[in-house]
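>>> What follows is a predicted protein model with its sequence.
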Amino acid sequence: MIPVPAPLDRVGDQLDRLSGPVLTTSARLVFAAVLFMYFWRAGLTKLGDGIFGLFRPDLGAYAQIWPRQMEAVGYDVSQLGLWHTLVVLAGTWAEFLLPTLIVLGLFTRLAALGMIGFVVIQSLTDIYGLGARPEDIGRWFDATSGALILDQRAFWILCLAILVMKGGGPLAVDRLAFRNEPSARPVSRPL
């Protein structure tokens, strides 16, 4: 093994110490700047009319989440079951709740994990339910990097994975509300 010069080793140690707070804060900031309004606007398209629209999703919500099923029943929501309605409600609420929790840094790990699941389901619905075009799906390890699904959403998931693994960071409500967040290294015990 090649020895690392002491100054470089100290710089590496310092970068390791800074990486957690910088990565977590940056991931939440990038999420807020790039994806927060994207998901909120998508959620708004699913709300029904009036004050109880959050509990009675719009026809478009069913068409977005259950495209093939809606087509099969002639876009008559009454022919769908309770399961379909519960999934639409959960999806609609998730588009508001999970991004808000991430931006606030509240239950960050759980919210980011939920968003990863949401993005995976969203992508599968786009591909199999809505029949996304091959150029929108994209391919990895090719010469282009702008496909809507495989390329862009891989970065979304990377950003969210940082939050799942490292938490909300120093500027998160989690840090204030749950001061016992693991910041120290675990104590090793003899066997």
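Looks like it came in fine. Numbers count the residues shown, from 1 in each chain.
>>> So Arg139: helix, strand or coil?
Taken by DSSP: H, G, I helix; E, B strand; the rest coil, the conformation at Arg139 corresponds to coil.
>>> how deep is it tucked in, by neighbour count?
Look at Arg139: counted by other CB atoms under 10 Å, it has 12 neighbours. C-betas here are computed from N, CA, C, even on glycine.
>>> Chain neighbours aside, what residue packs nearest to it?
Of all residues not flanking Arg139 in the chain, Leu150 sits nearest, at 6.6 Å (CB to CB, 6 or more residues apart in numbering).
>>> which ones are touching the one you found?
The contact partners of Leu150, by CB atoms under 8 Å, 6 or more residues apart in numbering, come to 137-140.
>>> Recalculate using a threshold of 10 Å.
Shown here is Leu150, whose contacts under the criterion CB atoms under 10 Å, 6 or more residues apart in numbering are 123, 127, 136-140, 142.
>>> what do you get for Leu59?
When contacts are taken as CB under 10 Å, 6+ apart, Leu59 is in contact with 46, 48, 70, 75-77.
>>> What are the boundaries of the helices in the chain?
For the chain, helices defined by DSSP state H occupy the ranges 6-31, 37-44, 59-65, 67-72, 82-104, 108-124, 134-137, 150-166, 173-177.
>>> Can I get the ones you listed in JSON lines including distance to Gly53 and mean pLDDT?
Converted to JSON lines, the helices of the chain look like this (distance: least, CB to CB, whole Å; pLDDT from 0 to 100):
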{"stretch": "helix 6-31", "distance to Gly53": "26", "mean pLDDT": "85"}
{"stretch": "helix 37-44", "distance to Gly53": "10", "mean pLDDT": "96"}
{"stretch": "helix 59-65", "distance to Gly53": "10", "mean pLDDT": "93"}
{"stretch": "helix 67-72", "distance to Gly53": "19", "mean pLDDT": "94"}
{"stretch": "helix 82-104", "distance to Gly53": "9", "mean pLDDT": "96"}
{"stretch": "helix 108-124", "distance to Gly53": "20", "mean pLDDT": "97"}
{"stretch": "helix 134-137", "distance to Gly53": "30", "mean pLDDT": "93"}
{"stretch": "helix 150-166", "distance to Gly53": "27", "mean pLDDT": "96"}
{"stretch": "helix 173-177", "distance to Gly53": "28", "mean pLDDT": "88"}
